[in-house]
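1. One predicted model, sequence on top.
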Amino acid sequence: MPAPIEDYALIGDCETAALVSRDGSIDWLCWPRFDSDACFSAILGGPEHGRWRVAPAADIRKVTRRYREGTMILETTFECDGGVVVLTDFMPTGGRRAGTNSDLMRIVQCVKGSVPMCMQFVLRFDYGSAVPWVTRLDDGRLCAIAGPDMVTLLADVEFHGENFTSVSDFTMCEGERRCFVLTWSPSHLPPSPPVDPLPALESTERFWRSWAERCSYRGEWREMVLRSLLTLKALTYGPTGGIVAAPTTSLPEQFGGPRNWDYRFCWLRDATLTLLALMDGGYVDEAAAWRDWLLRAAAGSPQQVQIMYGIAGERQLPERELPWLPGYADSRPVRVGNAAHAQLQLDVYGEVMDALYQARIAGLAEDKQAWAVQVALTNHVARIWREPDYGIWEVRGPTQHFTHSKLMCWVALDRSVKSIEQFGLEGPLDEWRSVRQAIHDDVCAKAYDAERGCFVQAYGSSNLDASTLLIPLVGFLPATDPRVRGTVECIERGLLVDGLVLRYDSDRTVDGLPPGEGAFLACSFWLADCFAMLDRRDDAVALFEHLLGLANDVGLLSEEYDSSARRFCGNFPQAFSHVAFVNTAFNLARAEEREREKPTEQRGKGAGR
């Protein structure tokens, strides 16, 4: 069995990332960028598909992990019968030298006693399918080449080849330190001189600490808010400003099932929440870079806007299966690429328009093309909003008139109208106001089930859907509207399971896939936001802290959580979960401020139960 997903930690350099297990094994790494072919794929197959483990060979009594404060530098402490060693893993920031190199470094230090150690280095390119040609360089480094890729390994230990694997056994005594440097570069170029890991560690720590000091959140959940923001920064592709949904592919939403997707791309749907999280956290430069990536990606014909793009704005993301990989916990198929990029999902227009509007509200410098792009997209939405689509959950079944999709079409028109009203921009104001009202009337008439007193998943459907929790959050109706209260209460009764919110009842499958999956964590944060808007702050805080308790030992969240198995599921770490966490933390802080501002006799008289 593979290690539980929650046993992994993330390291990265804002250009790529790796997953490190509690046992000292790096089981996932794509070089030279998030969405490139992997050279360590053990998490989706096994050690034979690529891993790099450095760990004690003795019996381990205790393992503890932490990130150095305010950084993405991971420290794993192994306590053994004979002593204690600390493994430090990091990727140097700015390590890509002239665009041709990227480094991963591991430093082992013995802090007590004497500990026998072992190293196993299994390098496989192209998702575990290609065994590289391995030689020794004159300086002693191992050099592995397969096609366009070259990796060199510099180690402070002697190692030898064994069954297409490099291994080493060595002993460390108190005060000793051993360093390992793994460097990727294109195979057609000569190997670059190795980077000294100790100065690189110091400069990387300075970079992350300096970035962390800019965090503006000072509330009671500061540690986790900062960790979430650091995770988002690590999932940013620095050269373009794009933020991937997760650094992994095909970690299952359903163990042993087919719900395995590639998330190493940038979703337009994440735009508004990501922008708000970054701006609220004090990271205006990153928010501006994300906004600019968004504009470049969405530029062009409005009819050709996609729901996701590559990290540089690539449009072709063809999906294929890798049959030689058995998948995490035998979850097949393993997929790379994502066919959903070609789907019509109307909600993304609303997310883009809301992000651009929020950027103006926050005072980000206006991009010259932003309004022109927004006008073209808004006019397009005004023409197509009545069409069915595949919805926020990217169903692989037939298109429907999803409530959330219509809701976000309303948001698209609303934010463009407000941009004219508040910022003096030019556009067909009366026409857009008319379409905005038509969408509002349509949703209220066709998506609301009067008998049950709630909004439903799609026109003519009886299914509940957690995405309807966004109705008050985007301003479509106030939280105090009886239809909103009824929707929240129905979701509490129908989708709240073991303290977490399911995105919909997957046993009544609407997505063309077998039923059953974990709870999508962002949905639970949305419910906490609704509680806060309904003056149910105690309920909001209780749910929020329950979600906080699900984070692993280094503060990371996955896409979903399987309550019955008490395990993470889905791709990891998931940007959307961390974005939702940050936004809810700020929403609760604002709710507390509103409560303090009330006259004393009105405090605590909300809708809480």
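-> Received, thanks. Remember, it's a predicted structure, so these values are computed and weren't measured experimentally.
2. Just give me the longest strand of the chain.
-> Longest strand in the chain by number of residues, with DSSP state E as the criterion: strand 102-122.
3. Now do the helix or strand following it: which elements does it pack against?
-> The helix or strand immediately downstream of strand 102-122 is helix 125-128, counting by DSSP states H and E. Using 3 or more CB pairs under 8 Å, 6 or more residues apart in numbering; DSSP states H and E as the contact test, the elements touching helix 125-128 are strand 38-40. Where C-beta positions appear, they are placed from N, C-alpha and C, glycine not excepted.
4. what residues does the strand it packs on touch?
-> 18, 26-31, 50-52, 122-128, 149, 151, 184 (CB atoms under 8 Å, 6 or more residues apart in numbering).
5. Among the residues you listed, name the buried ones.
-> 18, 26-31, 50-52, 122-128, 149, 151, 184 (16 or more other CB atoms under 10 Å).
6. how much space between the nearest residue in space to Gly45 that is not next to it in sequence and Met72?
-> Excluding the flanking residues, the one nearest Gly45 by CB to CB, 6 or more residues apart in numbering is Leu325, at 4.5 Å. According to CB to CB, to the nearest Å, Leu325 and Met72 sit 27 Å apart.
7. that older thread, pretty sure the residue nearest to Gly45 contacts Gly50?
-> No. Leu325 is beyond contact range of Gly50, at 10.4 Å (criterion: CB atoms under 8 Å).
8. Mutual contacts of those two, please.
-> 41, 128.
9. for the stretch 401-550 of the chain, what spans make up the strands?
-> 448-449, 454-455, 496-497, 500-501, 519-520 (DSSP state E, counting those that start in this stretch).
10. ok, Ile73 touching Tyr67?
-> Yes. Using CB under 8 Å, Ile73 is in contact with Tyr67, at 6.4 Å.
11. Wasn't Thr378 part of a helix?
-> Yes. According to DSSP: H, G, I helix; E, B strand; the rest coil, Thr378 belongs to a helix.
12. So for the closest residue to it other than its chain neighbours, what's the pLDDT?
-> Leaving aside its chain neighbours, Thr378 sits nearest to Ser416 (4.3 Å; criterion: CB to CB, 6+ apart). Per-residue pLDDT puts Ser416 at 98.
13. roughly how far apart are Ser416 and Leu364?
-> Counting by CB to CB - Ser416 and Leu364 are separated by 17 Å.
14. neighbour count winner among the two?
-> Ser416 (30 against 19; other CB atoms under 10 Å).
15. Am I right that that one is in contact with Trp371?
-> No. Checked against CB under 8 Å, the pair Ser416 and Trp371 is beyond contact range at 9.2 Å.
16. What is the burial count for Arg386?
-> Neighbours around Arg386, by other CB under 10 Å: 12.
17. Can you give me the distance of it to Cys490?
-> 26 Å.
18. so what's the nearest residue to Lys406 once chain neighbours are set aside up against?
-> The shortest distance from Lys406 to any non-neighbouring residue, by CB to CB, 6+ apart, is to Val443 (4.9 Å). With contacts defined as CB under 8 Å, 6+ apart, the neighbours of Val443 are 403, 406-407, 410, 455, 476.
19. If anything else comes up later, I'll come back, but that's it for now.
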